[in-house]
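**Student:** kindly return the folded structure for what I paste below:
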Amino acid sequence: MPLPFWILTPGSAAPMSRPDPRRQAMEQRSVMIPDAILRESLVSPAATAALLTTWLDRLLPPAEASPAPLHTAMRYAVFSGGKRLRPQFLLHVAQACGIRSPHLDLAARAACAVELCHIASLVHDDLPCFDDADERRGRPTVHVVFGEPMAVLVGDALLAHGFEILSDVPQSMSPRAIRLVRLLVRATGSCSGLIGSQSLEQEGIAELDSVATWSPPEMLERYHGMKTGALFAMAGEAAAIAAGAMHAPAWAAVGRLFGRWYQLAHDLFDGRAGAAAPGQETRPGVLSGGMARTEDSARAQLRAIHHQLCTRVCELAEAPDLMLDFLDGLQNQLLSATTVLTTEAEAVHSQHPVPVHETPKACEGGS
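**Tutor:** Residues are numbered from 1 along each chain as shown. Okay, here's the model as predicted:
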């Protein structure tokens, strides 16, 4: 049987009394790994995603644990693909800040908590009362497979579990963990986080089954800041706090800039994907209200933000190399993906031109 977590963690306090079974079970599912393995895993996004999948598997309740239907549905939602971009960003910041054991475990828990909260928002977004999506990443959505009531519970449970795994740490890590919990509360809450962004979306949609419009335009910027930027900002600051680095708020600003960069690429990609398949009907997303820009200017802005990100990482990081490689690789992927879609769209539209009065619609969605 694995050693209790407090034995695996140097410098942490041993329990003063007999440990309770529930906490002991959590401790035995520690995500603790050596520093060298993290560095090796961060060389490849696929390896990082695989490592995160292993951690999530250890930290989630087993499918057979009661109530089994809920835990089965939670695992269906979590292990359904996705780039794991938010936790990858967090781990890269932690490594760039020179994180070492035992605080690597806290960063791993924070990465998993961020991902669970993100997935919770996607499960709720897909519900018939919001986006009414039947598929996500090529698979039936949670409410299609398990029913709407269960999907609501899955989103709620994933959100709660994110806070649980972040707060269930040895006493030696409690001060940093409490700070991370506070950050996650803000990033998911009603004033500046995910839940508030869902409310803004409802305010901004004039007609649910037609074109989504936003007024005034600054509401759209606020929406993206809460929907996308808040979790990335939390990830950057949480990683720096877990590592004990200085200038943690500066890393939050890097995260928010990263979120803006990703959102711009996401909108450009979805816009080209919609243009490449003019015969397909998709429900328009919130982008169609106020972020109109030419593709050339969007690509130029992508490159400019990438430069800003790399500059800030070099200024703040103790060990910037792996994170710079991560940013460069992602930049190449984003630009190449939109270039391929542009070529496909031009080929399709040469045979089926889009009427002058129509504008390809971009759809906002999760990663």
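**Student:** would you map the strands across the chain?
**Tutor:** 135-136, 139-140 (DSSP state E).
**Student:** looking at those strands, which is buried most?
**Tutor:** Highest mean neighbour count of the strands of the chain: strand 135-136, a mean of 16 (counted as mean count of other Cβ atoms under 10 Å). For every residue, glycine as well, the C-beta is placed using N, CA and C.
**Student:** so where's the stretch 251-367 of the chain shaky on pLDDT?
**Tutor:** For the stretch 251-367 of the chain, the stretches with pLDDT under 70 are 270-293, 337-367.
**Student:** returning to that earlier point: how about the strands of the chain in CSV, adding distance to Gln263?
**Tutor:** Shown next, in CSV, are the strands of the chain (distance: least, Cβ to Cβ, whole Å):
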stretch, distance to Gln263
strand 135-136, 18
strand 139-140, 24
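**Student:** can I get those strands in CSV with mean pLDDT and distance to Met226?
**Tutor:** Formatted as CSV, the strands of the chain follow (pLDDT from 0 to 100; distance: least, Cβ to Cβ, whole Å):
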stretch, mean pLDDT, distance to Met226
strand 135-136, 96, 21
strand 139-140, 97, 27
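**Student:** out of these, which gets nearest to Ala73?
**Tutor:** Nearest to Ala73, of all these, is strand 139-140, at 11.9 Å by Cβ to Cβ.
**Student:** of all the strands of the chain, which one is nearest Ala68?
**Tutor:** strand 139-140 (19.7 Å).
**Student:** run me through the strand neighbours of that closest one, direction for each.
**Tutor:** Counting by DSSP bridges, the strands paired with strand 139-140 are strand 135-136 (antiparallel).
**Student:** count the residues that sit near Ile37.
**Tutor:** 12 (other Cβ atoms under 10 Å).
**Student:** over to Gly255?
**Tutor:** Neighbours of Gly255 (other Cβ under 10 Å): 28.
**Student:** enumerate every residue touching it.
**Tutor:** 89, 93, 229, 232-237 (Cβ atoms under 8 Å, 6 or more residues apart in numbering).
**Student:** one more: Ala238?
**Tutor:** 90, 107, 110, 114, 180, 183-184.
**Student:** most neighbours among the residues you listed, which one?
**Tutor:** Neighbours here mean other Cβ under 10 Å. Within these, the largest count is held by Leu90, at 32 neighbours.
**Student:** turn the contacts of Gly255 into JSON lines, including pLDDT, distance to Gly82 and neighbour count.
**Tutor:** Listed next are these as JSON lines, based on pLDDT from 0 to 100; distance: Cβ to Cβ, whole Å; neighbours: other Cβ atoms under 10 Å:
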{"residue": "Phe89", "pLDDT": "98", "distance to Gly82": "14", "neighbour count": "26"}
{"residue": "Val93", "pLDDT": "98", "distance to Gly82": "19", "neighbour count": "31"}
{"residue": "Gly229", "pLDDT": "94", "distance to Gly82": "19", "neighbour count": "26"}
{"residue": "Phe232", "pLDDT": "98", "distance to Gly82": "15", "neighbour count": "26"}
{"residue": "Ala233", "pLDDT": "98", "distance to Gly82": "20", "neighbour count": "26"}
{"residue": "Met234", "pLDDT": "98", "distance to Gly82": "18", "neighbour count": "28"}
{"residue": "Ala235", "pLDDT": "98", "distance to Gly82": "15", "neighbour count": "36"}
{"residue": "Gly236", "pLDDT": "98", "distance to Gly82": "20", "neighbour count": "30"}
{"residue": "Glu237", "pLDDT": "98", "distance to Gly82": "23", "neighbour count": "28"}
